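Enquirer: Any chance you could fold what I've pasted below:
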Amino acid sequence: MKGLLKSFSVFIFVGFFTLSGIPTSIVFAQDSHVEKHKKEMVLKFIEEHPELNSKFFDLFLVMNGLKENYVDSKSYEEYLDLALKGMVEGLDPYSTVFMGKEAEQFFGSLKEQVSAGIGIRIGKFGKEIYVMSVVSGSPAEKAGLEPGDVILKVFVKDGNLSLYGLSTEEVANFVRGPENTEVVLEIMARRYQKPRVVKIIRKEITYPSIESKQLPNKVGYIKIVSFEKETPERFLGALKFMNRSRGLIIDLRGNPGGTLDSVSKILGYFIGPGQVIMIEKKRLEKDVTGENMVVTSTAKQDYSSKVVVLIDNFSASASEIMAGNMKYYKLATLLGVRTFGKALVQGSFDADVSEHEPEKSKLLVKVTTARYLLPNRKDIQGVGIEPDIEVEQAENFRTYDSRTKKDFQFQQAMQFLKKSQK
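Expert: The predicted model follows:
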């Protein structure tokens with residue numbers, strides 16, 4: 001990492017000294033330990049982009065001014081690290097960069113195949129990770145975690161890792177681990193004024209992705225907690241069990257998303273195979289953008305009941321594809337509040353040009369690689385999906401109050417279906 005940052009230092013200073021008329025050979029002589037090929041890469045870039053000299057000069061001036069004026073002492077290398085962070089994280093809420101030990105820890109977490117957890121569902125809003133729900137009787141519940149808590153850090157080998165900017169899948173990889181081992185988290189709870197550290201022992205947890213129930217007045221209820229591999233099969237079983245219901249409530253509240261394949265199969269049960277549910281847009285090269293139509297593959301099920309889909313601010317990603325398509329194809333009435341608005345796809349690349357083993361990368365970049373549109377080409381990124389019937393919850397509503405009298409959205413859905421049955 002140090003070598004790479006030094007190359008960026010040379011890059012900046014060469015730009016500065018080129019403007020000043022000072023020979024670049026003098027600059028390089030003062031930085032003899034930088035690898036030859038990195039120097040060549042820097043020089044080539046400068047030759048090809050002379051119009052950027054003034055920008056690098058500005059960076060040099062700001063960095064130098066911070067070095068002299070900022071209240072805490074920091075090295076040039078630290079300022080360049082911050083510049084790299086800002087360059088990536090300034091793109092959108094889902095792009096980030098891992099440097100040094102962060103990169104090694106992140107890359108290593110993706111290789112681990114473990115299933116023991118602590119019993120929570122998590123969601124990402126902005127760059128923060130929230131506890132969406134807590135499994136009853138789980139280690140997390142016993143440790144005092146509650147829906148709405150923010151997970152700030154996870155303590156790993158050689159220090160702690162900030163979760164700010166990570167995806168839910170990435171955070172889950174850090175929280176999970178071998179059964180009966182300890183995970184240490186820093187939590188900002190709703191009822192505490194400052195963060196607290198909790199130690200939790202991992203256990204094998206069963207996380208049901210589907211919860212279903214036959215309600216009074218012949219109303220079926222299916223809550224999709226998240227879109228997992230097994231979710232379509234479980235959803236289909238619940239749907240067939242309720243095929244004589246007069247109404248159906250599909251609850252997507254608090255659903256942070258999941259796999260595209262899962263939501264595609266479930267939508268197929270309502271609209272049949274070969275129907276467009278999403279348009280994925282990727283940049284192929286420079287200014288050329290390619291589009292990929294995502295279509296359903298499963299058979300339509302014989303279900304004619306009136307459908308209400310419950311949504312809220314925590315319905316994101318795959319759950320927005322589900323809700324958006326149910327609305328677009330006029331298959332359901334959306335009830336609740338506007339969804340989160342996450343319509344971006346992320347990928348990662350290793351930017352470390354040093355010789356190293358892949359799992360020991362010192363510079364790993366996670367960046368948005370595609371965006372998706374609904375079938376009507378509507379872009380919901382940062383906007384979300386509006387409900388057909390807007391119903392807000394009381395300020396003191398908690399997820400464990402779902403389907404009770406305190407659940408205004410659920411009660412309104414029941415009233416809506418009751419009226420439609422007359």
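
Enquirer: ok, now which ones touch the residue nearest the centre of the chain?
Expert: For the chain, the residue nearest the mean C-alpha position is residue 167 (3.6 Å; CA atoms, centre = their mean). Each residue near residue 167 by CB atoms under 8 Å, 6 or more residues apart in numbering is listed here: 94, 124, 346, 366. (C-beta placed from N, C-alpha, C; glycine too.)

Enquirer: Quick one: neighbours of residue 319, just the number.
Expert: When neighbours are defined as other CB atoms under 10 Å, residue 319 has 31 of them.

Enquirer: just checking, next helix/strand downstream of the strand or helix carrying residue 57?
Expert: Element membership for residue 57, per DSSP states H and E: helix 53-69. Following helix 53-69 in sequence order, the next helix or strand is helix 76-89 (DSSP H and E).

Enquirer: got the angle for that following helix vs helix 53-69?
Expert: Helix 76-89 runs at 130 degrees relative to helix 53-69, counting by axes from the mean of the first three to the mean of the last three CA atoms, to 10 degrees.

Enquirer: starting at the chain centroid, how far to helix 76-89?
Expert: 22 Å (CA atoms, centre = their mean, to the nearest Å).

Enquirer: got it, and stretch 368-379?
Expert: Using CA atoms, centre = their mean, the distance between the centre of stretch 368-379 and that of its chain works out at 16 Å.

Enquirer: Likewise for stretch 129-137?
Expert: That offset, for stretch 129-137, works out to 17 Å (CA atoms, centre = their mean).

Enquirer: Show residues contacting it.
Expert: For stretch 129-137, the surrounding residues in contact (CB under 8 Å, 6+ apart) are 119-124, 140-141, 145-151, 163, 166, 168, 171, 205-207, 225, 254, 256, 314, 399.

Enquirer: For it, buried residues please.
Expert: 129, 130, 131, 132, 133, 134, 135 (16 or more other CB atoms under 10 Å).

Enquirer: Could you point out which residue ranges in the stretch 101-250 of the chain have low pLDDT?
Expert: Applying pLDDT under 70 to the stretch 101-250 of the chain flags the ranges 104-115, 157-159.

Enquirer: let's see it at 50
Expert: Along the stretch 101-250 of the chain, the model assigns pLDDT under 50 to residues 111-114.

Enquirer: can you give me the end-to-end distance of stretch 181-197?
Expert: In stretch 181-197, first residue to last residue: 16 Å (CA to CA, to the nearest Å).

Enquirer: can you give me the offset of that stretch from its chain's centre?
Expert: Centroid displacement of stretch 181-197 relative to its chain, using CA atoms, centre = their mean, is 21 Å.

Enquirer: Excluding sequence neighbours, find me the nearest residue to residue 190.
Expert: Distances taken as CB to CB, 6 or more residues apart in numbering place residue 148 nearest to residue 190, at 4.8 Å, with adjacent residues excluded.

Enquirer: need the contact list for residue 267.
Expert: Counting by CB under 8 Å, 6+ apart, residue 267 touches 275, 277, 296, 321, 322, 325, 326.

Enquirer: most neighbours, which of the residues you listed?
Expert: residue 322 (29 neighbours).

Enquirer: show me the contacts for that one.
Expert: Each residue near residue 322 by CB under 8 Å, 6+ apart is listed here: 224, 227, 250, 252, 263, 266, 267, 309.

Enquirer: how many neighbours does the third one have?
Expert: Residues near residue 250, counting by other CB under 10 Å, number 27.

Enquirer: which element is it on?
Expert: Residue 250 belongs to strand 247-251 when assigned by DSSP H and E.

Enquirer: In the stretch 151-300 of the chain, what residue spans correspond to helices?
Expert: Under the criterion DSSP state H, counting those that start in this stretch, the stretch 151-300 of the chain contains helices at 168-175, 231-241, 260-271.

Enquirer: Mind checking which of the buried residues of stretch 129-137 land in helices?
Expert: Members of the buried residues of stretch 129-137 lying in helices (criterion: DSSP state H): none.

Enquirer: will you turn those into a markdown table that also has distance to residue 49?
Expert: Formatted as a markdown table, those follow (distance: CB to CB, whole Å):
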| residue | distance to residue 49 |
| --- | --- |
| 129 | 38 |
| 130 | 41 |
| 131 | 46 |
| 132 | 45 |
| 133 | 50 |
| 134 | 52 |
| 135 | 53 |
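
Enquirer: circling back to that earlier point, and the helix holding residue 57, which residues are buried?
Expert: Buried residues in helix 53-69 (16+ other CB under 10 Å): 56, 57, 59, 60, 63.

Enquirer: And for stretch 292-312?
Expert: 294, 296, 298, 303, 305, 306, 307, 308, 309, 310, 311, 312.

Enquirer: Over to stretch 68-78?
Expert: Neighbour counts over stretch 68-78 (16+ other CB under 10 Å) mark residue 76 as buried.

Enquirer: quick one: that stretch to chain centroid distance?
Expert: 32 Å.

Enquirer: Surely residue 67 is in contact with residue 78?
Expert: No. The pair residue 67 and residue 78 fails to qualify as a contact (CB atoms under 8 Å) at a distance of 9.7 Å.

Enquirer: What about the nearest residue to residue 119 once chain neighbours are set aside, how many residues nearby?
Expert: Nearest non-adjacent residue to residue 119, counting by CB to CB, 6+ apart: residue 138, 2.3 Å away. Using other CB under 10 Å, the number of residues around residue 138 comes to 19.

Enquirer: coming back round to it: which helices and strands does the helix holding residue 57 pack with?
Expert: helix 2-20, helix 76-89 (3 or more CB pairs under 8 Å, 6 or more residues apart in numbering; DSSP states H and E).

Enquirer: what's the least confident stretch among these?
Expert: Across these, helix 2-20 has the smallest mean pLDDT, namely a mean of 40.

Enquirer: now the contacts of stretch 129-137: which count as buried?
Expert: Neighbour-count burial (16+ other CB under 10 Å) applied to the contacts of stretch 129-137 gives 119-124, 140, 145-147, 149-151, 163, 166, 168, 171, 205, 225, 254, 256, 314, 399.
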